[in-house]
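J.: Below are the sequence and a predicted model; questions follow.
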Amino acid sequence: MPVPEPNDVPSARGWLGRLGEWCARHFVIVFVVWLAALGGMQGLDKAFGGSFSDNFDLPGTQSVRGLDVLKEHDPKTGGTSSPVVLHDAARPLADVSAQVSSTVAALQKLPHVLAAANPLLVPSTPSKGGQTTGPVSADGRTAYITVRFDTSPVLLGEDTVRGVDRAVTPLRTAGVQVEYGGPLGELARPKPDDRLSEAIGFGAAVVVLLIGFGSVLAAVVPLVAALAGVVTGLAWLGLLAAAFTFSTVSPTLATMMGLGVGIDYALFLLTRHRQNVMDGMDVAVSAGRSVATNGRAVLVSGCTVIVALAGLWACGIPFVGRLGTAAGLTVVTGVLAALTLVPALLGLIGRRVDRYRVRTPVAETTPHREGKERGGWHRYAGRLARHPWRFLVAGVAVVGILAIPLFSLRLGHIGDGADPVSFTDRRAFDLMSAAFGPGSNGPLTVVVDGTAVPPADWSALVRQVGGALAHLPGAAVVGPLQTSPDGDVLSATVIPAASPQDASTTDLVNRLKDTVLPRTVAGTAAHSYVTGFTAVQVDFADLLSSRLPLIIAIVVCLAFLLILAVFHGLLVALKAAALNIVSIGASYGVVVAVFQWGWGGPALGVHGTVPIESYVPMMMFAIVFGLSMDYEIFLLSRVQEAWLRTGDSQGSVAYALEITARVITCAALIMTSVFAAFLISSNVTVKMLGLGLAVSVLIDATVVRLVLVPASMTLLGRSNWWAPRWLDRMLPRIRTEGPTPGQ
């Protein structure tokens, strides 16, 4: 590959340099614009912003088609059902039958309610073990009212919960415990409040910045910029939520991403600026130089993160794609804050950036300066350069061991039983499990559409379906076959023997929809389906599992092409893609060990072992792959900078490692602290994402970026930058950094 001459390098006075210098000289204007944007967006969000829910569409899946068939032929059995669970430890519920009847009548009159069944008027069904499956327990002290809504309750407002609260008032007045399960219980949960997590992450960032760089003002700049970006991005998200359905974890995910990348990006700029100021450069010129150099890396890194998150739309599931959009919004605002607000703050501070200090301030380590004392990172870089194979083998061993649990990964939906007992749906889950068995929390509905079946064959179809369901392994009880009012559809309720999140329940659903029912209706014109909330979640997990390889391929290819276009090194691009996959695999392994195996789960407030939430691996991959490119591009930029200047491949790697190690380590500690702070969230999925992202960043910035990358690049030598001449001529000329002072 031809090595560019110095006159091939674009001037630092490009548009980024001019933007940074202008913002530093006109910081008042920049502050006014940002304050107006913050105030305006917050006002619009308060006035027109929407709400968040975990409802999602899976068009084309068999569970959704089955639900549509029920709605079409028997609207009262369609819709979304939720149990209202009743329990009285002191007496049978038959003693408060008047209050139960009053409650059921009131529930039936609520908006969006299709039907509500009085449990005292419905005969209970014994399970295989003799335990009843409802709607009234064997001792008569627990029962549930099945309420069917015309849409998922999570899409309805708080007025629905207040209406249900009013309807059950007679029972609560009589001393009966009333809890809400299913989607209604999710709607009734306390609104997520992650302010403590945000405060902890923010506080941890302050400590790391003060210890790492020694200056109070230098610590404040990244925090202010990140906060401004997060607040603006969340306001945009609120406005989008008014038009589109975003998950309840979207604001939390956006906050995690915004704080993490916002602080990191500002830190990259601040580090270069402080070194320039120490060298005597004018403040505004230094700010422009920092934006022209490190700012280019920030821009490329931010685009990489956004591309990785946008790749989630390739799965074809809007619910997942919008999670990527939510996270991407705060990445965009974080990049904007870094390129405009950070230089403005630096212009305001001037040369006072190190005036208030808690220790001797440090900036970049520049080993080529005469008289500069060689520090620990210099010694480490030299040791790695002398023994690259040792470091490479040790690094591979570490990530390999951490990735072992990955091979037992099981996707699924985290059931209500893992939630805190302060949640009404968790209490409803416990009451249902104790009285009717764990499977009662996730009933399945078998649907057979016989619209096209000739009347002469109808009786035979009924016998076939009934016989197939009579002795069903994994089912606690199978209810009687019901015929729709128009006589075209058969349906039956199947209660699994295990909880909804148990692997055996997933096997039961898959066996029913893939084997039992298709064989039963084979040779007829009937169509079979398995529906219900649990069946939808199983279809969701299966769909994501089948599309995860596509997402991985798309994101890896895009990142490979970006690295190739920027650095024109075929092996550098291949190495970056491969090592990022390795680090993500290790983080997957840690998540599986903690949540699925239960190694430390109880310490995080998770009750029992749980499957990995269906969309978490896909989200983790896109986010971590994008974030890891921050450190990759930052490190490779410095390696290439030294390589183009000296032609010494081994020395360039050692130089880059020494000069970037402190800022990469501090940036990783900050991002890890921000993500880990969300482990105290009451939402198990948020805990899972927080742990996975924290571990991913920690592994990537330490084992991968400080061990595997420099060791492999040292071994590859000049081959790092090789590319066929025809490919090199085709690739665009993209610089992640402008020239450094003195070039």
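T.: Nice, thanks for sending it over.
J.: Now do the buried residues in the longest helix seen in the chain.
T.: Longest helix of the chain, by residue count under DSSP state H: helix 533-567. Within helix 533-567, the residues that count as buried by 16 or more other Cβ atoms under 10 Å are 533-544, 547-548, 551-552, 554-556, 558-560, 562-564, 566-567. Using the backbone N, CA and C atoms, a C-beta is placed for each residue, glycine as well.
J.: Strands of this protein, start to end?
T.: 80-87, 113-116, 142-149, 177-180, 411-412, 444-449, 475-478, 482-483, 489-496, 527-531, 612-613 (DSSP state E).
J.: pLDDT value on the closest residue to Y588 other than its chain neighbours, please?
T.: Once flanking residues are discounted, Y588 sits nearest to L406: 4.6 Å by Cβ to Cβ, 6 or more residues apart in numbering. Note on L406: pLDDT of 93.
J.: In contact with L406, which residues?
T.: 585, 588-589, 592 (Cβ atoms under 8 Å, 6 or more residues apart in numbering).
J.: swap in G466?
T.: Contacts for G466 (Cβ under 8 Å, 6+ apart) come out as L481.
J.: same thing but 10 Å
T.: Residues in contact with G466 (Cβ atoms under 10 Å, 6 or more residues apart in numbering) are 478, 480-481, 490, 492, 520.
J.: Show me which pair in those is furthest apart.
T.: P480 and T520 (16.4 Å; Cβ to Cβ).
J.: More neighbours: which of those two?
T.: T520 (21 against 9; other Cβ atoms under 10 Å).
J.: From what I see, that one and G450 are in contact.
T.: No - shown here, T520 and G450 do not form a contact pair, counting by Cβ atoms under 10 Å, at 11.7 Å.
J.: low pLDDT regions in the protein?
T.: Scanning the chain for pLDDT under 70 picks out 1-13, 55-57, 78, 124-133, 357-375, 734-743.
J.: So which residue is dead centre in it?
T.: Residue closest to the mean C-alpha point of the chain, counted by Cα atoms, centre = their mean, is M619 at 4.5 Å.
J.: pretty sure that residue is touching L253, no?
T.: Yes - if you go by Cβ under 10 Å, M619 and L253 touch, sitting 7.5 Å apart.
J.: any residues in contact with both of the two?
T.: Joint contacts of M619 and L253 (Cβ under 10 Å, 6+ apart) are 323-324, 327, 685, 689, 693.
J.: Now intersect those residues with the helices, please.
T.: Short answer: those in helices (DSSP H) are 323-324, 327, 685, 689, 693.
J.: Mind jotting down where the helices sit in the stretch 551-700 of the chain?
T.: All helices of the stretch 551-700 of the chain, identified by DSSP state H, counting those that start in this stretch, fall at 570-591, 616-646, 649-676, 684-699.
J.: Of these, which is nearest P455?
T.: The minimum distance between P455 and those falls on helix 616-646, with 47.2 Å, by Cβ to Cβ.
J.: any idea of the angle the closest one forms with helix 570-591?
T.: 150 degrees (axes from the mean of the first three to the mean of the last three Cα atoms, to 10 degrees).
J.: distance between helix 616-646 and the chain's centre?
T.: 20 Å (Cα atoms, centre = their mean, to the nearest Å).
J.: Also stretch 392-409?
T.: 22 Å.
J.: Give me the buried positions along that stretch.
T.: Under the neighbour-count rule (16+ other Cβ under 10 Å), stretch 392-409 has 392, 395-396, 398-399, 402-403, 405-406 buried.
J.: which one is V494 nearest to, not counting chain neighbours?
T.: Excluding its sequence neighbours, the residue lying closest to V494 (Cβ to Cβ, 6+ apart) is L444, at 4.3 Å.
J.: and the one you found, how many residues sit next to it?
T.: 27.
J.: wouldn't it be in contact with V477 here?
T.: No - counting by Cβ under 10 Å, L444 stays clear of V477, with 11.1 Å between them.
J.: where do the contact lists of the two overlap?
T.: Shared contacts of L444 and V477, counting by Cβ under 10 Å, 6+ apart, come down to 493-496.
J.: does T445 have beta-bridge partners, and which?
T.: Counting by DSSP bridges, T445 is bridged to T493, T531.
J.: OK, contacts around it?
T.: 63, 66-67, 70, 77-78, 81, 479, 482, 491-494, 529-535.
J.: Ok, S101 next?
T.: 118, 120-121, 170.
J.: what's near enough to touch M620?
T.: Going by Cβ under 10 Å, 6+ apart, M620 touches 584, 587-588, 591, 612, 688-689, 691-693, 695-696.
J.: Need phi/psi at A174.
T.: The phi/psi pair for A174 (degrees, to the nearest 10) reads phi -80, psi 0.
J.: My error: substitute D193 in the last question.
T.: phi -130, psi 100.
J.: quick one: it from S247, how far?
T.: 16 Å (Cβ to Cβ, to the nearest Å).
J.: And for W389?
T.: For W389, the distance to S247 (Cβ to Cβ) stands at 45 Å.
J.: Settle it for me: which of these two has more neighbours?
T.: S247 (21 against 10).
J.: what residues are up against the more buried one?
T.: 52-56, 241, 253, 319-320, 322-323, 326, 615, 685 are the contacts of S247 under Cβ under 10 Å, 6+ apart.
J.: Please produce TSV containing the residues you listed, extended by neighbour count.
T.: As requested, the contacts of S247 are arranged in TSV below (neighbours: other Cβ atoms under 10 Å):
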residue	neighbour count
F52	20
S53	20
D54	18
N55	18
F56	17
A241	21
L253	25
F319	20
V320	25
R322	21
L323	25
A326	27
Y615	25
T685	24
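J.: Looking at those, which is nearest M41?
T.: A241 (13.4 Å).
J.: number of nearby residues for the closest residue to G417 other than its chain neighbours?
T.: Spatially, and ignoring its direct neighbours in sequence, G417 is nearest to F429 (4.9 Å; Cβ to Cβ, 6+ apart). Burial of F429 is recorded as 29 neighbouring residues (other Cβ under 10 Å).
J.: Save the strands of the chain as JSON lines, and put in distance to L636 too.
T.: Shown next, in JSON lines, are the strands of the chain (distance: least, Cβ to Cβ, whole Å):
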{"stretch": "strand 80-87", "distance to L636": "50"}
{"stretch": "strand 113-116", "distance to L636": "59"}
{"stretch": "strand 142-149", "distance to L636": "54"}
{"stretch": "strand 177-180", "distance to L636": "53"}
{"stretch": "strand 411-412", "distance to L636": "34"}
{"stretch": "strand 444-449", "distance to L636": "52"}
{"stretch": "strand 475-478", "distance to L636": "56"}
{"stretch": "strand 482-483", "distance to L636": "64"}
{"stretch": "strand 489-496", "distance to L636": "51"}
{"stretch": "strand 527-531", "distance to L636": "50"}
{"stretch": "strand 612-613", "distance to L636": "32"}
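J.: To W34, which of those strands lies closest?
T.: Using Cβ to Cβ, these put strand 612-613 closest to W34, at 36.0 Å.
J.: helices or strands up against the closest one?
T.: strand 411-412, helix 533-567, helix 570-591, helix 684-699 (3 or more Cβ pairs under 10 Å, 6 or more residues apart in numbering; DSSP states H and E).
J.: Listing partners with orientation, what would you give for that strand?
T.: strand 411-412 (parallel).
J.: Just list whatever residues bridge to the nearest residue to L107 once chain neighbours are set aside.
T.: Nearest-residue entry for L107: A116, 4.0 Å, with adjacent residues in sequence omitted and distances by Cβ to Cβ, 6+ apart. When assigned by DSSP bridges, A116 has beta-bridge partners V147.
J.: any idea how far G163 is from A116?
T.: 12 Å.
J.: What of L184?
T.: For L184, the distance to G163 - Cβ to Cβ - is 11 Å.
J.: higher neighbour count, these two?
T.: Using other Cβ under 10 Å as the criterion, L184 and G163 rank with L184 on top: 26 against 17.
J.: From the contacts of S247, pick the one nearest R729.
T.: Nearest to R729 among the contacts of S247, with distances taken as Cβ to Cβ, is V320, at 38.7 Å.
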